[in-house]
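Asker: Quick one, structure for this:
(chains A and B)
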Amino acid sequence: AQRVTQPEKLLSVFKGAPVELKCNYSYSGSPELFWYVQYSRQRLQLLLRHISRESIKGFTADLNKGETSFHLKKPFAQEEDSAMYYCALRGSSNTGKLIFGQGTTLQVKP
Amino acid sequence: DTGVSQNPRHKITKRGQNVTFRCDPISEHNRLYWYRQTLGQGPEFLTYFQNEAQLEKSRLLSDRFSAERPKGSFSTLEIQRTEQGDSAMYLCASSPPTGTGNTIYFGEGSWLTVV
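Answerer: Now for the predicted structure:
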C-alpha cells in the first residue's frame, strides 16, 4: 500500500532556529516525493520535489530510500515560513495522482 | 488569474439536498483531479480525468458522488442526498500532459457544510 506519514501535527520553533519537518513513506517501487505548502488563506502550492534537488525559499529535502524518508529542512526559520506543510507521494499509477500525508503546521515565533 | 478556479467557494446545504461544484482547470491541462480534505487531514484522492475520460475513481467516491468532464474542459462534482459526513473541502487540481512538466496545481477549494 502507498502511504505517507507525517508524525508531527504541529511544529513550533523560534525565528532563526533550524526546522525539520518529518515525512516517511511506504511504497515498494521508486516514488516521486513532493512537499506542498499552504499559507494562510492561500491555495495549496508546490514547494519542492525530490527530482529537482533544488532549494526553494531556503528549504531542502533529500530522499532517503533506505529509511523511506523525505524530511524537509531549513537551517534558519523565518516568520513567513509559518504555514501548513504536506508531504506527498506519486507512485506508479498512470494517473499521476498524489497521495498526501496528514500535514504538519509549522509555527515560527518571533 | 489563470490558475485552477472553483465555485462556489462555500456551500451550506441541508442534509438530503444535492450539491454541485464546478472546476475550471488551467487552460491546456488535460489532467484533472478531485480531492477531498477534512479538518486535520491531508487531501484524499477522489477521482481523475484525462481529457473527458474518467480513468480512476477512489473507493471514497460512493454511489452518491458523480463527476463529469464534458468536452475535456471544466469538470463538475455532484453529491446527491448529502449527509453530514460529506462536510469537507473539495479540491480540484489539474496538470499538463505527460512529458510537458507534471506539476499538479490546486484550486482554492469549495467548502461544503451539511446541516
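
Asker: Report pLDDT for residue 45.
Answerer: No chain specified, so I'll use chain A. Here, the pLDDT recorded for A:Gln45 equals 95.

Asker: The intended chain is chain B.
Answerer: Per-residue confidence (pLDDT) for B:Phe45: 95.

Asker: so it is in which element?
Answerer: Applying DSSP states H and E as the criterion places B:Phe45 in strand B:44-50.

Asker: is any part of that strand close to chain A?
Answerer: Yes. Strand B:44-50 lies within reach of chain A by C-beta under 8 Å from any C-beta of the partner chain, at B:Glu44, B:Phe45, B:Tyr48, B:Gln50. (Each C-beta comes from the backbone N, C-alpha and C, glycine too.)

Asker: can you check stretch B:62-82 too?
Answerer: No. Using C-beta under 8 Å from any C-beta, stretch B:62-82 stays clear of chain A, with a minimum separation of 13.5 Å.

Asker: what's in contact with that stretch?
Answerer: B:13-25, B:30, B:32, B:34, B:46-47, B:49, B:51-52, B:54, B:61, B:83, B:86, B:90, B:92, B:112, B:114 (C-beta atoms under 8 Å, 6 or more residues apart in numbering or on different chains).

Asker: Mind checking the pLDDT average for that stretch?
Answerer: Computed over stretch B:62-82, the average pLDDT equals 95.

Asker: related to what we said a few turns ago, looking at the residues of strand B:44-50 next to chain A, which is nearest A:Gly29?
Answerer: A:Gly29 lies nearest to B:Phe45 out of those, by C-beta to C-beta, at 17.7 Å.
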